[in-house]
Structures are given as structure tokens and as C-alpha cells.
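Novice: I'll drop the sequence and a predicted model, then ask my questions.
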Amino acid sequence: MAGKQRSVFIRFNMADEADCDLYRKLAEAAGSSASLTAYVKRALEEHFSIKMEITGRQEFREQMLAAVREEMQAQGMKLVGALLAGIGTVSVPEKKRETESQETDLPEVCEELPEELNGVFDFIA
């Protein structure tokens, strides 16, 4: 049975502040459990199971993002196709150049001049 067991030995240097703090935290968290070793095993097991769960969630997130990107690209291409198909069926009427022709056309023959211009002929003649 000893061949199937493995052990990890951890030594805490109580003169080192970081080691001392870690040991105190472990001892406080273990509280009234049977042994500090059993508590450390449970803490390590929880740590690794949480890490695996986080990794699984990250992989799922990446898969979902890839699927959403593919769908957005497919829908975008459908939209572009619909817009291009619609452009060929729409006819845009050309504006008439009425304003230009009105400006260049001479007025019809006028019977009499406006009153403001009557004195001009007297001045010329």
C-alpha cells in the first residue's frame, strides 16, 4: 500500500513573514478539523476544480464568440447581397434643368416698358 501513496512535505519558516502569515491563515481556516493536512488537501482540490471550471467557461466563451462572429458575417453578406440586388431595380429620375433654361431664355416681346425705365429713353434721345 505504501507504493501507491505519495506525500508532499511543506515546511514553514516562522521567521519569514510570508510563510508565517500563510501558516496562520491555514491554521485559522482549518479550525477544528481533524488535521491541517486534511484541510490543505481539500483546499488544493477546490483550487484545481475551480481552475478547471474557469478554463471550461473560457473555452465555452471563445466558442460562442466564434459562432456569433460567423453568424454576423453570414448575415452581413446576406444584407450586402440584398442591397446590391435592390440597387439594380431602383430607378433614380434625373432632375430637369428648368432653372438653367429659365435663366438663359429671353423674355417674350414686351408691349411697354416699366415706368421706372420711361425716363431712360428721354435721356438717350
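Specialist: All right, it came through fine.
Novice: Who are the packing partners of the one helix or strand residue 53 maps to?
Specialist: Secondary structure assigned from DSSP states H and E places residue 53 in helix 36-89. Judged by 3 or more C-beta pairs under 8 Å, 6 or more residues apart in numbering; DSSP states H and E, helix 36-89 is in contact with helix 17-30. Glycine gets a C-beta too; all of them are placed from N, C-alpha and C.
Novice: Do me a favour and average the pLDDT over the helix it packs on.
Specialist: Taken as a whole, helix 17-30 carries a mean pLDDT of 91.
Novice: tell me which residues in that helix are buried?
Specialist: Under the neighbour-count criterion of 16 or more other C-beta atoms under 10 Å, helix 17-30 has 23, 30 buried.
Novice: Identify the residues contacting it?
Specialist: In this structure, residues lying in contact with helix 17-30 by C-beta atoms under 8 Å, 6 or more residues apart in numbering are 12-14, 36, 38-40, 43.
Novice: of these, buried ones?
Specialist: Neighbour-count burial (16+ other C-beta under 10 Å) is assigned, among the contacts of helix 17-30, to 39-40.
Novice: which two from the contacts of helix 17-30 end up farthest apart in space?
Specialist: Greatest spacing in the contacts of helix 17-30, by C-beta to C-beta: 13 and 38 (22.9 Å).
Novice: quick one: secondary structure of residue 9?
Specialist: Of the three states, residue 9 takes coil under DSSP: H, G, I helix; E, B strand; the rest coil.
Novice: any idea how far it lies from residue 70?
Specialist: With distances taken as C-beta to C-beta, to the nearest Å, residue 9 is found 52 Å from residue 70.
Novice: and what of residue 58?
Specialist: From residue 58 over to residue 70 the distance is 19 Å, taken as C-beta to C-beta.
Novice: Same question for residue 61.
Specialist: Counting by C-beta to C-beta, the gap from residue 61 to residue 70 is 15 Å.
Novice: Residue 84 too?
Specialist: Residue 84 sits 21 Å away from residue 70, taking C-beta to C-beta as the criterion.
Novice: And residue 36, by the same measure?
Specialist: For residue 36 relative to residue 70 (C-beta to C-beta), the value is 51 Å.
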